[in-house]
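Chemist: Take this sequence and fold it.
(one chain, ligands or ions: 1)
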Amino acid sequence: MPLGKGAVIEVCTYADYEDLSRAAADLFERLADKAIRDRGRFDVVLSGGHTPIRTYELLAGRNRLDWGRVHVFWSDERCVPPEDPRSNAGIARKKFLDHVPIPPSQIHPIDCATSPVEGSRRYEALLRSLFGRDSHTFDLVFLGLGADGHTASLFPGTQAVRETDRWISEIYKEDEGIYRVSLTAPVINRSSVVAFMVSGASKAEMLRHILTGQPGSEKLPARLIDPNSYGGKLFWLVDKDAAILLES
Ligand code: 6PG
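Modeler: Coordinates of the predicted model:
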């Protein structure tokens, strides 16, 4: 489906949340095998929110994977202690990472609980030290979609959405009373594959708005995600409920 700037988008629709989650786990495994074969490592970004949780649980049982070659990053994080139930890294560890043999030194949570500015600076320095000289950054980035069109912690109208240089930005979320730290579009768009996971009827209107390129949607954070511009691929993994307003 063509959508702005020649982007080609692959929309994959699944019967339900379970099928969507299994497909996302299969994509992770397929891309990990390829990256480890080609480069000896797999650099993957995990998303926050509820949608990816079942995928994480399924990945926890995938014993065939060469976990010793996997390096884990996050799309964003709430600036709370790791044991806080809102922590994206805390949820991923509980559901997934505590059950697979990835070396702890290869798991890179965004540590911004004490200082969002320091946390984002440190994470930016880490990413630039790892990917600064390469044309591509991550092998796979999982992202979710908010009903307001946000993704990661790139919320409509925030400075983070307008970032063209920094790879990491901090955002104060008034309604949550906390800071968040997020990857920005420039670093996400340099990834080889970006996969949105969208489940449920509550996202149907926004999904239609974005995928049909409705006027005004170009300003939405999720529309900024365009790995095609760097030769990468963009997938939308959606379940039937989320896709209910899309043409077949
Ligand atoms: C976060 C996510 C955020 C999430 C969307 C969708 O930290 O909350 O990065 O962008 O992916 O809000 O959330 P759900 O999957 O819970 O609907």
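Chemist: Within range of the ligand, give me the residues from this structure.
Modeler: Those residues of the chain that sit near the ligand, judged by CB under 6 Å from any ligand atom, are 47-51, 75-76, 88, 144-146, 150-153. Heads up, the C-betas are built off the backbone N, CA and C, glycines and all.
Chemist: Now do the lengthiest helix in the chain: which elements does it pack against?
Modeler: As assigned by DSSP state H, the longest helix anywhere in the chain is helix 17-39. The contact analysis (3 or more CB pairs under 8 Å, 6 or more residues apart in numbering; DSSP states H and E) places helix 17-39 against strand 9-14, strand 42-46, helix 53-59, strand 140-143, strand 193-198, strand 233-239.
Chemist: redo that, cut-off 10 Å
Modeler: Packed against helix 17-39 by the contact rule (3 or more CB pairs under 10 Å, 6 or more residues apart in numbering; DSSP states H and E) you find strand 9-14, strand 42-46, helix 53-59, strand 70-74, strand 140-143, strand 193-198, strand 233-239.
Chemist: Pull out the buried residues from the first one.
Modeler: Along strand 9-14, these residues count as buried under the neighbour rule (16 or more other CB atoms under 10 Å): 9, 11, 13, 14.
Chemist: winner for burial among the helices and strands packed on helix 17-39?
Modeler: strand 140-143 (a mean of 27; mean count of other CB atoms under 10 Å).
Chemist: Next secondary structure after that strand?
Modeler: Scanning forward in sequence from strand 140-143 by DSSP states H and E, the next helix or strand is helix 159-162.
Chemist: in its sheet, what does the helix or strand following that next one sit against?
Modeler: Scanning forward in sequence from helix 159-162 by DSSP H and E, the next helix or strand is strand 168-173. Paired neighbours of strand 168-173 in the sheet (DSSP bridges): strand 178-183 (antiparallel).
Chemist: Measure how the strand it pairs with sits relative to strand 42-46, angle-wise.
Modeler: Relative orientation of strand 178-183 and strand 42-46, computed by axes from the mean of the first three to the mean of the last three CA atoms, to 10 degrees: 150 degrees.
Chemist: low-confidence ranges in the protein?
Modeler: 1-8, 248 (pLDDT under 70).
Chemist: Can you point out the buried residues in stretch 172-181?
Modeler: The neighbour-count check on stretch 172-181 (16+ other CB under 10 Å) flags 178, 179, 180, 181 as buried.
Chemist: Pick out whichever of those residues sits closest to residue 125.
Modeler: residue 181 (13.1 Å; CB to CB).
Chemist: residues touching the closest one, list them.
Modeler: By CB atoms under 10 Å, 6 or more residues apart in numbering, the residues touching residue 181 are 74, 76-79, 110-112, 116-124, 152-153, 160, 168-171.
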